[in-house]
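Enquirer: generate coordinates for the sequence data below:
(chains A and B)
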Amino acid sequence: MIPAAFEYHRPSDIEGALSVLAEHGDEARVLAGGHSLIPMMKLRMADVPHLIDLQDIADLKGITIADGIITIGAMTTQHELINHEALFAAAPIIREAALQIADPQVRYMGTIGGNVANGDPGNDMPGLMQCLDAQFILVGVDGTRKVPARDFYESAYMTNRDDEEILTHITFASIDAGYAYEKQKRKIGDYATAACAALVTKDGDKVATASIAMTNLSDVPVLSEAAAAALIGTTCDTAAVKAAVAAALEDIDPTEDNRGPVAFKMHVAGIIISRAIARAWSRA
Amino acid sequence: MTKQIVTMTVNGEKKEVLAEPRELLIYVLREKMGMTGPHVGCETSHCGACTVEIDGKSVKSCTMFAAQAQGAEIKTIEGLGSPENLHVLQESFKEHHGLQCGYCTPGMITRAHRLLIENPNPTEEDVRFGIAGNICRCTGYQNIVKSILSAAAELNAAKEAAQ
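Expert: The predicted structure is shown next:
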């Protein structure tokens, strides 16, 4: 498998990357871990005359936690997310989700920035970022802007990011809630048949707040406010979970593919959502 | 597209090759450097036969352009042991029948090597999770897992004896 020829750029700072993007417009793409883009280039389904490798840009790496706000550089790998103890203490759901992505080799290379920016409905981080109400920092020649993860996804592979912008950082508040990321996949390395991120907080024996988001069950990640509303104020008993699952299923629109027909996906989604809620509640 | 000079350190030796940016690392290793240990299996990032170690990471070298490895430190199965002086992992795979056809073995052992550096005392579950990116179609994995666990014990015993 030999991809079409391209010119390889390896800038050492964001300005350098932006100037290549500005010069070549939609002929240029940035490369993060490359485990989505390179396979597409090998299949010649992505034509990238100018490839901009971001690996030398130090500003895009690393995790900082200050005043309860977590900031993660876009080039931080899944492997680094998994092994960062302070991040685990502040937001353990990140490790739980990252461990369910692909396989070890892919996690050494795959980055959180690539995962959220690519807009692939099968990627796990977008739904999780919606659950956490994360913000994406985008930098372009005209400056920096912040877009909530909940407003970022438009349709499959289409996002709010302009072609000439780079997603540089992701920020969200540290988590003080019961959490779970549940995923059903056919085999290691596959995308989810259904996956769900859940956060639940407790006040006495009742649900105080809830956040429920789903992966690969529509052409974009789906945050279900109705599912959260169905849980709040309840004791998270069987009837409440059932109502939340019913509400979540109303919000998704899976399509038939090699992972199964729509009815099967709805069935799996129901089980995964209820497991995510139950586990998050057990940790609340 | 014009070829560029790519330099990398492979198994401790500085290498310099001419490669187009689109050339995948696995082909540069195999065809331009003669490192035929890492294999081309599926070529689609699934099977792990092409696994090499790059700057302390296990990487499927079919999913990386050689240009990305400019300046990198690479270890392949050739750098782990030699026919006269097998690595503990290689010896253990031989001892426990951790291979049948052998096609996945270089990638499997290179991955296991990294796994044991990061986790010198793995449980069986750790080993299975840690080699989940490497597919074997012969063994059923049972003896591969046994080989890795036995190598871990042996490496730990050697470390203890040295102290």
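
Enquirer: per-domain residue ranges of the chain.
Expert: Assuming you mean chain A. Split into domains by automatic domain parsing, chain A comes to A:7-53, A:58-173, A:178-283.

Enquirer: actually, chain B is the one I wanted.
Expert: B:4-79, B:88-162.

Enquirer: span of the last one from start to end?
Expert: Think domain B:88-162. When the termini of domain B:88-162 are compared using CA to CA, to the nearest Å, they are 16 Å apart.

Enquirer: now render the domains of chain A as TSV, adding mean neighbour count.
Expert: Bear in mind the C-beta positions are built from the backbone N, C-alpha and C, glycine included. Formatted as TSV, the domains of chain A follow (neighbours: other CB atoms under 10 Å in any protein chain shown):
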stretch	mean neighbour count
domain A:7-53	18
domain A:58-173	20
domain A:178-283	20
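
Enquirer: now distance to chain B and mean pLDDT too, for these, in CSV please.
Expert: What follows is the domains of chain A, written out as CSV (distance: least, CB to the nearest CB, whole Å; pLDDT from 0 to 100):
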stretch, distance to chain B, mean pLDDT
domain A:7-53, 4, 97
domain A:58-173, 3, 98
domain A:178-283, 4, 98
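
Enquirer: with distance to B:Leu115 as extra columns, can I get those in JSON lines?
Expert: Formatted as JSON lines, the domains of chain A follow (distance: least, CB to CB, whole Å):
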{"stretch": "domain A:7-53", "distance to B:Leu115": "19"}
{"stretch": "domain A:58-173", "distance to B:Leu115": "8"}
{"stretch": "domain A:178-283", "distance to B:Leu115": "15"}
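
Enquirer: for B:Glu73, find the nearest of those domains.
Expert: Smallest distance to B:Glu73 across the domains of chain A (CB to CB): 14.1 Å, for domain A:58-173.

Enquirer: what sits against the closest residue to A:Ser174 other than its chain neighbours?
Expert: Sequence neighbours aside, A:Ala90 is the residue nearest to A:Ser174 in space, at 3.9 Å (criterion: CB to CB, 6 or more residues apart in numbering or on different chains). With contact taken as CB atoms under 8 Å, 6 or more residues apart in numbering or on different chains, A:Ala90 is in contact with A:Ile65, A:Gly68, A:Ile70, A:Ser174, A:Ile175.

Enquirer: and the residues you listed, which two are the farthest apart?
Expert: Spatial extent of these (CB to CB) is set by the pair A:Ile65 and A:Ile175 at 11.5 Å.

Enquirer: isn't there a strand covering B:Val145?
Expert: No. Secondary structure assignment places B:Val145 outside any strand; it is helix (DSSP: H, G, I helix; E, B strand; the rest coil).

Enquirer: just give the nearest non-adjacent residue to it, would you?
Expert: B:Val145 sits nearest to B:Val127 (CB to CB, 6+ apart), 5.1 Å away.

Enquirer: mind listing what's buried in the helix or strand where that neighbour lies?
Expert: Taking DSSP states H and E as the definition, B:Val127 sits inside helix B:124-130. Buried residues in helix B:124-130, counted by 16 or more other CB atoms under 10 Å in any protein chain shown: B:Asp126, B:Val127, B:Phe129, B:Gly130.

Enquirer: just name the most buried of the domains of chain B.
Expert: Among the domains of chain B, domain B:4-79 has the highest mean neighbour count (mean count of other CB atoms under 10 Å in any protein chain shown), at a mean of 20.

Enquirer: and chain A, is that one touching that?
Expert: Yes. Domain B:4-79 reaches chain A (CB under 8 Å from any CB of the partner chain) through B:4, B:20-24, B:43-46, B:48, B:51, B:57-60, B:62-65, B:67-68, B:70.

Enquirer: out of those, which are inside helices?
Expert: When DSSP state H is applied, those are split such that none fall in helices.

Enquirer: restricted to strands, list those residues.
Expert: B:Gln4, B:Thr51, B:Lys57, B:Ser58, B:Val59, B:Lys60 (DSSP state E).

Enquirer: can you pull the contacts of A:Gly178?
Expert: Applying CB under 8 Å, 6+ apart, the residues contacting A:Gly178 are A:Ala198, A:Leu199, A:Val200, A:Thr201, A:Lys202, A:Arg279, A:Ala280, A:Trp281, A:Ser282, A:Arg283, A:Ala284.

Enquirer: please apply the same query to A:Thr64.
Expert: By CB under 8 Å, 6+ apart, the neighbours of A:Thr64 are A:Ile70, A:Thr71.

Enquirer: same check, this time on A:Val220
Expert: Counting by CB under 8 Å, 6+ apart, A:Val220 has contacts A:Pro121, A:Pro126, A:Tyr153, A:Glu154, A:Ser155, A:Ala156.

Enquirer: so can I have a markdown table of the residues you listed showing distance to A:Arg259 and secondary structure?
Expert: A markdown table is the format used below for the contacts of A:Val220 (distance: CB to CB, whole Å; DSSP: H, G, I helix; E, B strand; the rest coil):
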| residue | distance to A:Arg259 | secondary structure |
| --- | --- | --- |
| A:Pro121 | 12 | coil |
| A:Pro126 | 18 | helix |
| A:Tyr153 | 20 | strand |
| A:Glu154 | 23 | strand |
| A:Ser155 | 19 | strand |
| A:Ala156 | 15 | coil |
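
Enquirer: show me what the helix ranked longest in chain A is packed against.
Expert: In chain A, with assignment by DSSP H, the single longest helix is helix A:262-282. Under the contact criterion of 3 or more CB pairs under 8 Å, 6 or more residues apart in numbering or on different chains; DSSP states H and E, helix A:262-282 touches strand A:178-185, strand A:192-203, strand A:206-215, helix A:238-251.

Enquirer: how distant is the second one from the center of its chain?
Expert: Strand A:192-203 has its average C-alpha position 13 Å from the chain's average C-alpha position, going by CA atoms, centre = their mean, to the nearest Å.
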